[in-house]
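J.: Any chance you could fold what I've pasted below:
(one chain, ligands or ions: 1)
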Amino acid sequence: MKILHTTPAADGFFMPAEFEEHDGCFMIWPERADSWQYGGIAAKKAFAKVAMAIAKSEEVTMLASAAEYDTARRMLPEYIRVVEMSTDDAWARDCAPTFVKNKEGEVRGIDWYFNAWGGLVDGLYFPWDKDNKVARKVCDLERLDCYDARDFVLEGGSIHSDGEGTVMVTEACLLSKGRNPDMTKDEIEEKLKQYLGAKKVIWLERGIYNDETNEHVDNICAFVKPGEVVLAWTDDEEDPQYELSKSCYDILSQETDACGRKIVIHKLPLPKPICMQKEECEGLAWMEDEPTRTDGERLAASYVNFYISNGAIVMPSFGDPADHAAAEILGELFPEREIIPISARDILIGGGNIHCITQQLPKAVR
Ligand code: KQY
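T.: Presented below is the predicted three-dimensional model:
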């Protein structure tokens with residue numbers, strides 16, 4: 001693996017869309033006691049279901065610590081590759097590489113600086129040094145060259161690309177004080193263009209209410225094809241989420257993408273508020289100086305946090321009446337793919353969902 005000090009755009013590389021073909025998917029086995037209740041057993045089962053759903057149509061690699069290797073190997077079918085790797089938690093979207101490719105189909109990784117969603121300002125755990133090495137280790141494992149972008153704090157969940165020059169982000173996240181406080185919005189936009197090969201960045205203002213990542217875009221809005229997005233939506237004007245979704249809707253309605261298309265917006269209903277229960281809080285370890293979940297705390301549940309595999313949409317379900325409507329809408333938008341809902345409360349308790357625990361490897365011509 002070579003560490004590259006040029007930029008993807010300068011080398012003709014760009015970030016493909018998630019709905020393009022993949023060579024596989026990376027995930028990380030959950031074990032962190034302050035993220036996953038009661039030894040993480042329910043989370044492990046949910047992660048295994050997600051991995052199996054994705055593995056129906058692409059290869060899955062599960063990264064697991066030395067301590068958890070045997071458990072992961074036993075709980076996962078043999079067609080899922082398990083590789084020992086040290087991490088601080090289980091958010092492959094955010095600490096595995098963002099992959100870029102060129103017109104010839106060569107794939108490379110990007111190694112952003114990862115600081116647990118805000119470092120010492122409002123990060124969610126400390127230390128994060130093991131997570132911060134995952135991108136390079138994965139590139140090494142896959143024998144892919146890797147761009148050094150460690151002067152810039154970014155997580156994969158904070159960007160979405162349509163693969164045709166448009167990238168979507170939220171201001172709440174990318175302009176947060178814990179990431180790149182010395183950079184202006186224009187400088188951040190320029191960095192995204194250089195590293196993701198983008199021509200246009202669409203800045204939404206906000207994401208999902210109470211999303212502890214400072215409102216990652218991947219929980220509120222996602223491209224389903226070039227020029228078309230799904231947006232997490234509620235009609236309940238009394239819900240604090242309403243203003244946030246409405247602001248995204250207003251921005252997207254006025255926007256065109258890098259190819260000059262007006263954006264088609266498909267509203268994806270939100271489930272009714274999902275809140276922590278006392279027993280769930282009691283199953284989480286407490287760590288000094290880290291935020292802890294409290295009884296009744298609203299979790300950042302959204303159906304937009306789905307993964308697009310080669311053959312399926314692997315989406316969260318919450319046991320809510322909206323589960324069905326959300327699955328139907330996604331089924332209409334992705335008629336060629338199987339819709340696979342996975343009960344996701346045990347992932348949501350950790351603070352993210354199916355998109356946050358997966359990272360696709362685009363199809364390469366090797
Ligand atoms: O949503 C994500 N991309 C990650 C959430 C991390 C939460 C840590 N408790």
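
J.: For the rest of this, base every contact and every neighbour count on C-alpha atoms.
T.: Noted.

J.: Can you tell me what sits against stretch 48-56?
T.: 25, 27, 60, 75-77, 79-80, 309, 311-312, 314, 340, 342, 354 (CA atoms under 8 Å, 6 or more residues apart in numbering).

J.: Where does the stretch 151-300 of the chain get nearest to the ligand, residue-wise?
T.: Using CA to the nearest ligand atom, the single residue of the stretch 151-300 of the chain nearest to the ligand is residue 157, 5.0 Å away.

J.: show me the contacts for residue 20.
T.: Contact partners of residue 20, counting by CA under 8 Å, 6+ apart, are 310, 362.

J.: and stretch 340-350, average pLDDT?
T.: Averaged over stretch 340-350, pLDDT sits at 98.

J.: Span of that stretch from start to end?
T.: One end of stretch 340-350 sits 21 Å from the other (CA to CA, to the nearest Å).

J.: How about stretch 300-307?
T.: Termini of stretch 300-307 sit 17 Å apart (CA to CA).

J.: now stretch 194-208
T.: Terminal-residue distance, stretch 194-208 (CA to CA): 28 Å.

J.: Look up the closest residue to residue 266, ignoring the ones flanking it.
T.: Among residues not flanking residue 266 along the chain, residue 230 sits closest, at 4.6 Å (CA to CA, 6 or more residues apart in numbering).

J.: what bridges to residue 317?
T.: Under DSSP bridges, the beta-bridge partners of residue 317 are residue 343.

J.: Around the ligand, which positions in the stretch 1-150 of the chain sit nearby?
T.: 35, 91, 94, 124 (CA under 6 Å from any ligand atom).

J.: can you put the residues you listed in a markdown table and add neighbour count?
T.: As requested, those are exported to a markdown table (neighbours: other CA atoms under 10 Å):
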| residue | neighbour count |
| --- | --- |
| 35 | 26 |
| 91 | 29 |
| 94 | 28 |
| 124 | 21 |
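
J.: Identify the farthest-apart pair in those residues.
T.: Pairwise distances across these peak at 15.4 Å for 35 and 94 (criterion: CA to CA).

J.: Show the contacting residues for residue 102.
T.: If you count contacts by CA under 8 Å, 6+ apart, then residue 102 has 12, 13, 14 around it.

J.: for the last one, what are its contacts?
T.: Meaning residue 14. 8, 100, 101, 102, 163, 165, 195, 196, 197, 198.

J.: give me that answer again for 6 Å
T.: For residue 14, the contact set (CA atoms under 6 Å, 6 or more residues apart in numbering) comprises 100, 101, 196, 197.

J.: how far away is it from residue 280?
T.: Distance of residue 14 to residue 280, given as CA to CA: 42 Å.

J.: on that earlier part again, out of the contacts of residue 102, who's nearest the ligand?
T.: Nearest to the ligand among the contacts of residue 102, counting by CA to the nearest ligand atom, is residue 14 at 21.5 Å.

J.: what about residue 242, helix or strand, and which?
T.: Using DSSP states H and E, residue 242 falls within helix 240-254.

J.: Export that helix to CSV, keeping only CA atoms.
T.: Extracted in CSV, the C-alpha atoms of helix 240-254 (Å, rounded to 0.1, in the frame of the first residue of the first chain):
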residue,chain,number,x,y,z
PRO,A,240,-38.9,19.3,17.0
GLN,A,241,-37.8,17.3,13.9
TYR,A,242,-40.3,19.1,11.7
GLU,A,243,-38.3,22.4,11.4
LEU,A,244,-35.1,20.4,10.7
SER,A,245,-36.7,18.3,7.9
LYS,A,246,-38.6,21.3,6.5
SER,A,247,-35.3,23.3,6.3
CYS,A,248,-33.7,20.4,4.3
TYR,A,249,-36.8,20.3,2.0
ASP,A,250,-36.7,24.0,1.4
ILE,A,251,-33.0,23.9,0.5
LEU,A,252,-33.3,20.9,-1.7
SER,A,253,-36.3,22.4,-3.5
GLN,A,254,-34.2,25.4,-4.6
